[in-house]
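J.: here is my input; please provide its structure:
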Amino acid sequence: MCIEAPDDVLEVGGFAGLPSGVDDEIVASANRGLGLRETPGGVDHVMPCGVTRASDVEGLAGRGEKGGAVLRDHCGLFLSYPYKDRKKGDDWAASGARGCTFVGSNLGNKEYSVMNREQKRSEGIAAWQEAILCWEKLEPFREKMKYSIQHAFEDQWGDNLTVFNEASQGYETIKESDQIYRQGRTPLKNNLIRPIMKNIEGQYRSLPSSMVCIPRTLDPQKERLQELGTRAVEYIGRENQVAEVDAQGLTDLMLSGFCAQRIEYGQNAVTQKDNVWISNCNPNNVFFNLNQEDSRGWDTRIIGEFFEMPMEEILYKFSQGRKEEDQIAQLYKEQAGKGGVLPEKSRVYCVWKKQWSVSEEGKEEKEQPCWYYRYLTSWGEVLKEGKSPYVHKSHNYEVCFYPLVRNGEIYNLVGDLIDIQKVLNRTVTEVNARLMYSMKGLKIYDAQMFPDISAVELAVIASKSDGLLPAQVTPGKTIREGIIQCDPSVNMSNDFQLIETQLQLINDVSGVNAALQGKSPTAGTSASLYAQESQNGTLNTRGLLDTFRAFTLRRCAKALKTAQQYFPEGLLLPPSKVGGATLAWEGEGIREVEFEVRYGEAGEKES
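T.: A predicted model of the protein is given here:
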């Protein structure tokens, strides 16, 4: 269940804040541990993590849900937790430092009872075990992705073979390339998978990318709201270089059949800007429930990923004082063993899980689903946890599957091309071997016709353009019968025809034909026929590209929701691609507006 914080404690991500009646000296000590300093208006933060500005709590309250306070999470998110209307509410909001000071995680917080702490730990271990189980069930998915990457970028002759070794009179496992070398041949490859992936990526980049945000409201300022929403999406895309991010995501989709992006608000460590940030997730590190049948990911019930972090980063993001740093470090040392020597990097799991919580509606209690997140160590200890801070009430991931089969199997585009690529490589290698060991310009001569000249001298004379060769023609024979040159070209024509067939087959399967590759049409091909071939060639890739574009629309809709929640009042939005003046973000006026995000040009009207 989702646990509510006590009435006199503000719980943020599993960390409890100080009650409003705590001693001022404790507050000052906690502030020093957080890197906060006292100011006449309250407390300013001097670290990238912690509270945004405690002295601005009243101004920030409008950014949260139903008058909640907005606090910055240590992992770059803003967390929004409502504080209940009560007698202590005014004191809490006015106390500044007391209302926003973190005093520690579940590891050392005195506000948690032993029973509550054990319950939290038990829930964390259960969530961790479920995440591990989901990740292990995705092992076949990762193996297929690894195999696709191997044939798209790496060693296409890297498959293992079990062969009989005559020397040892036993079976052994060797790479396919080593077996070919043993046969005295050279393994050749003609990688056609990578150009096909580049072509599909180019098709995606050439599609219209402008988006328009249509507000679903009867507000008379509807056009201005549309302009603000569209500008916000453009601003987020420009700051994230979203064209490059999406191109990488499309590559992941072609290689694995899956891609995921993480959407969060916070300060970017590189640009030092506060914005909505979009990041691609490594498919090797992501886990989710495998029994999904919806390519949009709408039947997801658990999702997350793990990160490899150095201990300094873990302490920076999840501790809030020297004492807690020591506690977290000690936990990792105890688990490390071997004298407590920590590895270079340690693993942290981020697990989002759909749970059920009891909410009061009038006089009745009703269970409803809620998304709950936990940051866990690699053995299940909770570092941070809490309900979803977002107004969209979901996790901060967006996923895409293509194609997703009903039994939960995930396949990929590259997997369809691997067997054809392997047959092509074997054909090319075989043709090369035949050419290497075949007769190439071999000459056969009658030694009785040339008794006074050696074979070497004959070869030299025969290769000259003005060579003179004395010969004794045997009666009954002609000079043409004295030297015969063997030409194997006729015998190799079938081999080259087989290679041409394989090249055509891989283009047909992928849908990337000669017209899409920009090759010149053959003689007699009309312009209309060539255009029709180009259009027909896109049909095989249409499903992939349409699925991915629908994914980007869902991603942008979630990013816009996050921007509506956290963009500060007065944020300047630069002009759009088609021009216009700089606009100032209207936080309160746009926060509750529902938008439909779709592809189109700025200024497009609702249809």
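J.: low-confidence ranges in the stretch 51-200 of the chain?
T.: Applying pLDDT under 70 to the stretch 51-200 of the chain flags the ranges 51-115.
J.: which stretches of it form helices?
T.: Applying DSSP state H, counting those that start in this stretch to the stretch 51-200 of the chain gives helices spanning 57-60, 88-95, 97-100, 114-137, 139-153, 176-182, 193-206.
J.: other residues contacting stretch 184-200?
T.: Residues from elsewhere that reach stretch 184-200 (Cβ atoms under 8 Å, 6 or more residues apart in numbering): 151-153, 156-157, 176-177, 180-181, 250-251, 254, 413-414, 417-418, 421, 424-425, 428-429, 432-433, 436, 503, 506-507, 510, 512, 516-517, 541, 544-545. Using the backbone N, CA and C atoms, a C-beta is placed for each residue, glycine as well.
J.: go again using 7 Å as the cut-off
T.: Residues from elsewhere that reach stretch 184-200 (Cβ atoms under 7 Å, 6 or more residues apart in numbering): 151-153, 156-157, 177, 180, 251, 254, 414, 417, 421, 424-425, 428-429, 432-433, 506, 510, 512, 516-517, 541, 544.
J.: how about stretch 236-244?
T.: So stretch 236-244 is contacted by R205, S209, K273, N275, V276, W277, I278, A559, A563 (Cβ under 7 Å, 6+ apart).
J.: any of these buried? List them.
T.: Buried by 16 or more other Cβ atoms under 10 Å: N275, V276, W277, I278, A559, A563, out of the contacts of stretch 236-244.
J.: angle of the helix or strand encompassing the fifth one against helix 193-206?
T.: Assigned by DSSP states H and E, A559 belongs to helix 539-566. Between helix 539-566 and helix 193-206, the angle comes out at 50 degrees (axes from the mean of the first three to the mean of the last three Cα atoms, to 10 degrees).
J.: give me the longest strand you can find in the chain.
T.: As assigned by DSSP state E, the longest strand anywhere in the chain is strand 346-361.
J.: skip ahead from that strand and say which helix or strand is next.
T.: Downstream of strand 346-361, the next assigned helix or strand under DSSP H and E is strand 364-377.
J.: for that following strand, packing partners?
T.: helix 114-137, strand 346-361, strand 382-387 (3 or more Cβ pairs under 7 Å, 6 or more residues apart in numbering; DSSP states H and E).
J.: please identify the most buried of the ones you listed.
T.: strand 382-387 (a mean of 23; mean count of other Cβ atoms under 10 Å).
J.: chain center to whichever helix or strand comes after that one, what's the gap?
T.: Counting by DSSP H and E, the element after strand 382-387 in chain order, helix or strand, is strand 397-401. Centroid separation for strand 397-401 versus its chain: 9 Å, with Cα atoms, centre = their mean, to the nearest Å.
J.: follow-up on the earlier one: show me which of the buried ones among the contacts of stretch 236-244 is closest to T377.
T.: W277 (24.8 Å; Cβ to Cβ).
J.: thought the closest one was touching N268?
T.: Yes - counting by Cβ atoms under 7 Å, N268 is a contact partner of W277 at 5.8 Å.
J.: for the nearest residue to F401 once chain neighbours are set aside, helix, strand, or coil?
T.: Closest residue in space to F401, ignoring its immediate chain neighbours: S295 at 4.5 Å, by Cβ to Cβ, 6 or more residues apart in numbering. Put simply, S295 is coil when judged by DSSP: H, G, I helix; E, B strand; the rest coil.
J.: list the residues that contact S295.
T.: Applying Cβ under 7 Å, 6+ apart, we find S295 in contact with F401, Y402, L404, T547.
J.: Q497 and Q504, how far apart?
T.: Between Q497 and Q504 the distance is 11 Å, computed by Cβ to Cβ, to the nearest Å.
J.: between the two, who's got more neighbours?
T.: Neighbours per residue (other Cβ atoms under 10 Å) separate Q497 from Q504, with Q504 holding more: 12 against 9.
J.: need the helices of the stretch 51-200 of the chain in a markdown table (columns: distance to Q327).
T.: Formatted as a markdown table, these follow (distance: least, Cβ to Cβ, whole Å):
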| stretch | distance to Q327 |
| --- | --- |
| helix 57-60 | 28 |
| helix 88-95 | 27 |
| helix 97-100 | 22 |
| helix 114-137 | 13 |
| helix 139-153 | 34 |
| helix 176-182 | 52 |
| helix 193-206 | 47 |
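J.: which one of those helices lies closest to L161?
T.: Going by Cβ to Cβ, the one of those nearest L161 is helix 176-182, 5.4 Å.
J.: what does that closest one rub up against?
T.: Contacts of helix 176-182 (Cβ under 7 Å, 6+ apart): W157, D159, L161, V163, P187, T429.
J.: restricted to strands, list those.
T.: If you go by DSSP E, those have L161, V163 in strands.
J.: what is the nearest of the contacts of helix 176-182 to M309?
T.: Minimum distance to M309 across the contacts of helix 176-182 is 35.2 Å, recorded for D159 (Cβ to Cβ).
J.: can you pull the contacts of that closest one?
T.: When contacts are counted by Cβ under 7 Å, 6+ apart, D159 touches E176.
J.: how close does it get to N432?
T.: From D159 across to N432, the span is 19 Å (Cβ to Cβ).
J.: please enumerate the strands of the stretch 151-300 of the chain.
T.: Secondary structure of the stretch 151-300 of the chain (DSSP state E, counting those that start in this stretch): strands located at 160-165, 170-175, 211-215, 258-267, 274-280, 286-288.
J.: TSV for those strands, including distance to R598?
T.: Shown next, in TSV, are the strands of the stretch 151-300 of the chain (distance: least, Cβ to Cβ, whole Å):
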stretch	distance to R598
strand 160-165	48
strand 170-175	50
strand 211-215	6
strand 258-267	18
strand 274-280	18
strand 286-288	27
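J.: what is the neighbour count of L192?
T.: The burial count for L192: 19, using other Cβ under 10 Å.
J.: actually, V428.
T.: Neighbours around V428, by other Cβ under 10 Å: 18.
J.: test my guess that it contacts L498.
T.: No - using Cβ under 7 Å, V428 is not in contact with L498, being 9.7 Å away.
J.: common neighbours of those two, please.
T.: Counting by Cβ under 7 Å, 6+ apart, nothing touches both V428 and L498.
J.: rewinding a little: who wins for proximity to R216 among the helices of the stretch 51-200 of the chain?
T.: Short answer: helix 57-60, nearest of those by Cβ to Cβ, at 27.2 Å.
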